[in-house]
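>>> next comes the sequence, and after it the predicted model I'd like to discuss.
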Amino acid sequence: MKAFCTTVLCSSVFVAALAFAAPAPKAKEEPPGPVTQEQLDKTVNNLKQIGLAWHNYHDTYGHFPSNEIGKGKMPMLSWRVQILPFLEQDDLYKQFKLDEPWDSDHNKKLIDQIPKIFAPVRGKADAGMTYYQTFTGTHGLLKPGQKQNLAGVTDGTSNTFMVAESAKPVVWTKPDDLPFDGKDVPALGGMFDGKFHAAFCDGSVQRFRKGVNKETMRRLIDPNDGEVVDRDDAIDKDEEKK
């Protein structure tokens, strides 16, 4: 009987040890929850402030902010860093080494200091990442190697996207945005389940429904396609507009 008890006790200890050593089951990721009016108002306000910063930057330098590229096409710092002084973030701006890339030993330490205006109001993103992005590439607002100004938006500032909510976030200091070649429309709507907000080059902000016609999107993204665009059908009419 004594031997039997000892055997049972040892077996119990062994099983308990296995249970303790086994990795805990991965916690199920919780959905972001229902969209709230507070979130909608917050992102509209963020985009309006970003648009105003773009225009104040333009008034100061004669062109919009850009993604800075160094020697050998090394990615330096994003337009989001460039507009910091126009968002009352001058102290943070002065901490960056502008002659170093975004991921240098010094600059990468500032990623976690993302201003609240760039932080996601909803959706899943790691610390220091943002959904607010502009359009780059041959048919985007910020074309490679060029300094874009208002006069260069020949389709009209009320018909051209400036900054929109991308489908996927990027590191806010990295010059990483939405490339557009005139054909493939970048994915948008990461914070609001496919619906998205966009600031136009005139500073206005609109909320767009999910699944906007691709041709409409192409015309809204390209500042120089010369095509007439009717954006009314694309605007989300189910929610209160700001």
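Perfect, I can see it now.

>>> please make it C-alpha for all contacts and neighbour counts, starting now.
Fine.

>>> in the chain, which spans are helices?
Assignment of helices within the chain using DSSP state H yields the ranges 2-21, 37-61, 79-82, 90-95, 214-221.

>>> residues of the second one that come out buried?
Of all the residues in helix 37-61, those buried under the rule 16 or more other C-alpha atoms under 10 Å are 39-40, 43-44, 46-58.

>>> how far does that helix sit from its chain's centre?
For helix 37-61, the separation from the chain centroid amounts to 13 Å (computed by C-alpha atoms, centre = their mean, to the nearest Å).

>>> so what does that helix touch, helix or strand wise?
For helix 37-61, the elements it packs on are strand 161-171, strand 196-200, strand 205-208, judged by 3 or more C-alpha pairs under 8 Å, 6 or more residues apart in numbering; DSSP states H and E.

>>> now for the shortest one, which elements pack on it?
The one in question is strand 205-208. Against strand 205-208 (3+ C-alpha pairs under 8 Å, 6+ apart) you get helix 37-61, strand 196-200.

>>> of those, which is nearest residue 208?
Of all the helices and strands packed on strand 205-208, strand 196-200 sits nearest to residue 208, with 5.3 Å by C-alpha to C-alpha.

>>> the closest one pairs with which strands, and in what direction?
Paired strands of strand 196-200, with direction, are strand 161-171 (antiparallel), strand 205-208 (antiparallel) (DSSP bridges).

>>> what's the angle from the first one to helix 214-221?
Looking back up the chat, that one is strand 161-171. Orientation of strand 161-171 against helix 214-221 (axes from the mean of the first three to the mean of the last three C-alpha atoms, to 10 degrees) gives an angle of 100 degrees.

>>> show me how far strand 161-171 is from its chain's centre.
For strand 161-171, the distance to the chain centre is 3 Å (C-alpha atoms, centre = their mean).

>>> just the residues contacting that strand, thanks.
Strand 161-171 is touched from outside by 47, 51, 111, 125, 128-135, 141, 176-178, 186-191, 194, 196-201, 220-221, 223, with contacts defined as C-alpha atoms under 8 Å, 6 or more residues apart in numbering.

>>> filter those residues down to the buried ones, PyMOL style.
Burial among the contacts of strand 161-171 is assessed by 16+ other C-alpha under 10 Å; the matching PyMOL selection reads:
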select buried, resi 47+51+111+125+128+129+130+131+132+133+134+135+141+176+177+178+186+188+189+190+191+194+196+197+198+199+200+201+220+221+223
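
>>> pLDDT weak spots in this structure?
1-31, 238-242 (pLDDT under 70).

>>> change it to 50
1-21, 26-28, 240-242 (pLDDT under 50).

>>> which ones are touching the most centrally placed residue in it?
Residue closest to the mean C-alpha point of the chain, counted by C-alpha atoms, centre = their mean, is residue 131 at 1.8 Å. By C-alpha under 8 Å, 6+ apart, the contact list for residue 131 reads 118-120, 164-170, 190-191.

>>> ok, and the closest non-adjacent residue to it?
residue 169 (4.4 Å; C-alpha to C-alpha, 6 or more residues apart in numbering).

>>> again with residue 217
residue 185 (6.9 Å).

>>> I'd guessed the one you found sits against residue 213; true?
No - between residue 185 and residue 213 there is no contact, the gap being 10.1 Å when judged by C-alpha atoms under 8 Å.

>>> of the two, which one has the most company?
residue 185 (15 against 10; other C-alpha atoms under 10 Å).

>>> buried set for stretch 84-95?
By neighbour count with 16+ other C-alpha under 10 Å, stretch 84-95 contains the buried residues 84-87, 93.

>>> likewise stretch 97-108?
100-103, 107-108.

>>> of all these, which comes closest to residue 69?
Scanning the buried residues of stretch 97-108 for proximity to residue 69, where the rule is C-alpha to C-alpha, the winner is residue 101, at 8.5 Å.
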